[in-house]
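> just the structure for this:
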Amino acid sequence: MIAVPQTAIELAKRFEGFERKVKRGVEITAVPYICPAGFWTIGYGHLCDPKHPPITEAEADVYLARDLQSALAATLRYCPVLATEPEGRLAAIVDFTFNLGAGRLQTSTLRRRINQRDWAVAATELRRWVYGGGKVLPGLAARREAEITSLFG
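Numbers count the residues shown, from 1 in each chain. Next up is the predicted model:
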């Protein structure tokens, strides 16, 4: 079994952050919030119910590990060529899948380009996934550029 690449963990943490922190006694916890795409989220981008109780950073790490493992499995299911590519390529697409969901990868032109090993066009395809609510979100644009850097790292 392939492990989640460290670069994918770093990308997810860099762009998700441990958001909406509140101090509860001596602990710093995260509470649910609505992400820019309109989903209830907690910790490092974990989808949740709006009534989810606050979580610690350690709990957020556990959620992230599970979410990235799911993203890895979906990424390899839809882009099996990544199993034999450099780790950075796998990490980039695991982060994409974690961020946008397996369904988006499954139906994308990006998937076709990856499976054709057309990395230059795959980079162009990644740059198309920067919209939220009909407008370019600077955070998504920065995330896609970081993924592209990892793709060619």
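> run through the neighbouring helices and strands of the lengthiest helix in the chain.
In the chain, taking DSSP state H as the definition, the longest helix is helix 57-78. Using 3 or more C-beta pairs under 8 Å, 6 or more residues apart in numbering; DSSP states H and E, the elements in contact with helix 57-78 are helix 6-16, strand 27-30, strand 46-47, helix 87-100, helix 102-106. Glycine gets a C-beta too; all of them are placed from N, C-alpha and C.
> return the most buried member of those.
helix 87-100 (a mean of 25; mean count of other C-beta atoms under 10 Å).
> and that helix, what other elements does it pack with?
helix 6-16, helix 57-78, helix 102-106, helix 109-115, helix 119-126, helix 138-152.
> hmm, back to that, the longest helix of the chain to helix 87-100, inter-axis angle?
110 degrees (axes from the mean of the first three to the mean of the last three C-alpha atoms, to 10 degrees).
> ok so, going back, turn the helices and strands packed on helix 87-100 into JSON lines, including mean pLDDT and distance to G45.
Putting the helices and strands packed on helix 87-100 into JSON lines (pLDDT from 0 to 100; distance: least, C-beta to C-beta, whole Å) gives the following:
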{"stretch": "helix 6-16", "mean pLDDT": "94", "distance to G45": "4"}
{"stretch": "helix 57-78", "mean pLDDT": "97", "distance to G45": "7"}
{"stretch": "helix 102-106", "mean pLDDT": "97", "distance to G45": "14"}
{"stretch": "helix 109-115", "mean pLDDT": "98", "distance to G45": "20"}
{"stretch": "helix 119-126", "mean pLDDT": "98", "distance to G45": "18"}
{"stretch": "helix 138-152", "mean pLDDT": "96", "distance to G45": "11"}
